[in-house]
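1. build me a model from this:
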Amino acid sequence: MDTALLFQSSHLVPGNVDKSKMFLGMDHSKVYVEHRPRYTDELFKTIADYCKETNPDLNLAVDVGCGPGTSTIGLAKYFQKVIGIDISETQIACAPKDIPNCEFKVGYSDKLPFIEAGTVDLLLLRVILSLVATERFRPNLVRARASKLGPECYSLTPTLAEADRVLKPGGTIAIFGYDFPCCDIPEVEACLQSIWTRIFSFAPKEAAPALERFRGLELPYPGLIRNDEMKLQMNYTVERNIEFLRSTRSARAYMEAHPTQDFLGDVAEELRQALHTSGAGDIYSVTFNLYLLMVHKPMN
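-> Presented below is the predicted three-dimensional model:
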């Protein structure tokens, strides 16, 4: 998906979407669990290897914006304990209960009172910087004086200030997400572009930075690294594509605003026509391009 195309229209995204109401319905959370992409071990190993550079024991990871725990369980292979946190009670209710070193809690990214200061090896943010409730988010970090953090430092967003509190010296902040899916069948790709352009303006406006993979984001520590090379590839049918759309907030908001339209039915027909025109079969491959940002908290 050409995210640059959508980013050009980011001014159209409304500011009145209540992020705290996202994924509260159990039906939405169940669709999310079943039809969102499953991350490959390459992502979690890349993060764990980076964390080991400064904290090789990997005692504790905190997965903020964990949803139903798809990334939390991926981290469990590498960390002694992982705590998954999400603002949605229904997402947490859908998280697995049978992984001994995983714990799930409802909470906000900027308020983690159940985590002791200086105990966390990894704070993983799943695009949470763009989706925390509006009153809890300031999009830009400004260089400022703050006596308790030194003569000159960054004035942190509440989320990053809490990250600084809970992280060990040498602890890691990691942020990752994925672009809209793309397809190497031209007719299907054109259809996907049309669909996402149609519903994009129904996303929260805070989602716009994610379309640029947070390239303008400043973090409070030096040495930020990026990895834009990892990909998730999945085999889709029209039905599976429709269920993925159903799991997104943008599509649901679009349908709420157009109750007389059969949006998903129309999309399914468009996809079937694209597949027929292309001569492809019923199963087609889609790719989600990942992005990953990582930085270590200084050791002193």
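2. which elements pack onto the helix or strand hosting residue 241?
-> Assigned by DSSP states H and E, residue 241 falls within helix 238-246. Under the contact criterion of 3 or more CB pairs under 8 Å, 6 or more residues apart in numbering; DSSP states H and E, helix 238-246 touches helix 26-35, helix 263-278. The C-beta positions use only the backbone N, C-alpha and C, and glycine is treated the same way.
3. can you give me the buried ones in the helix or strand hosting residue 91?
-> Per DSSP H and E, residue 91 falls inside helix 89-93. Within helix 89-93, the residues that count as buried by 16 or more other CB atoms under 10 Å are 90-92.
4. quick one, what contacts the nearest residue to residue 263 once chain neighbours are set aside?
-> With CB to CB, 6 or more residues apart in numbering as the criterion, residue 263 has its nearest non-adjacent residue at 5.2 Å, and that residue is residue 255. The contact partners of residue 255, by CB atoms under 8 Å, 6 or more residues apart in numbering, come to 261, 263-264.
5. go again with 10 Å.
-> Contacts for residue 255 (CB atoms under 10 Å, 6 or more residues apart in numbering) come out as 199, 202, 245-246, 261-264.
6. separation between it and residue 197?
-> Distance, residue 255 to residue 197, by CB to CB, to the nearest Å: 16 Å.
7. and the helix or strand containing residue 61, what does it pack against?
-> Take DSSP H and E as the rule and residue 61 turns out to sit in strand 60-64. When contacts are defined as 3 or more CB pairs under 10 Å, 6 or more residues apart in numbering; DSSP states H and E, strand 60-64 packs onto helix 41-52, helix 70-75, strand 81-86, strand 102-106, strand 120-125, helix 158-166, strand 167-178.
8. I'd like the ones you listed laid out as CSV, including mean neighbour count.
-> Formatted as CSV, the helices and strands packed on strand 60-64 follow (neighbours: other CB atoms under 10 Å):
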stretch, mean neighbour count
helix 41-52, 17
helix 70-75, 24
strand 81-86, 25
strand 102-106, 17
strand 120-125, 26
helix 158-166, 20
strand 167-178, 22
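9. out of the ones you listed, nearest to residue 282?
-> Judged by CB to CB, the one of the helices and strands packed on strand 60-64 that comes nearest to residue 282 is strand 167-178, at 24.3 Å.
10. what's in contact with the helix or strand following that closest one?
-> Following strand 167-178 in sequence order, the next helix or strand is strand 182-183 (DSSP H and E). Under the criterion CB under 10 Å, 6+ apart, residues 1-3, 188-193, 196, 231, 236, 241, 271, 274, 278, 280, 284-289 lie in contact with strand 182-183.
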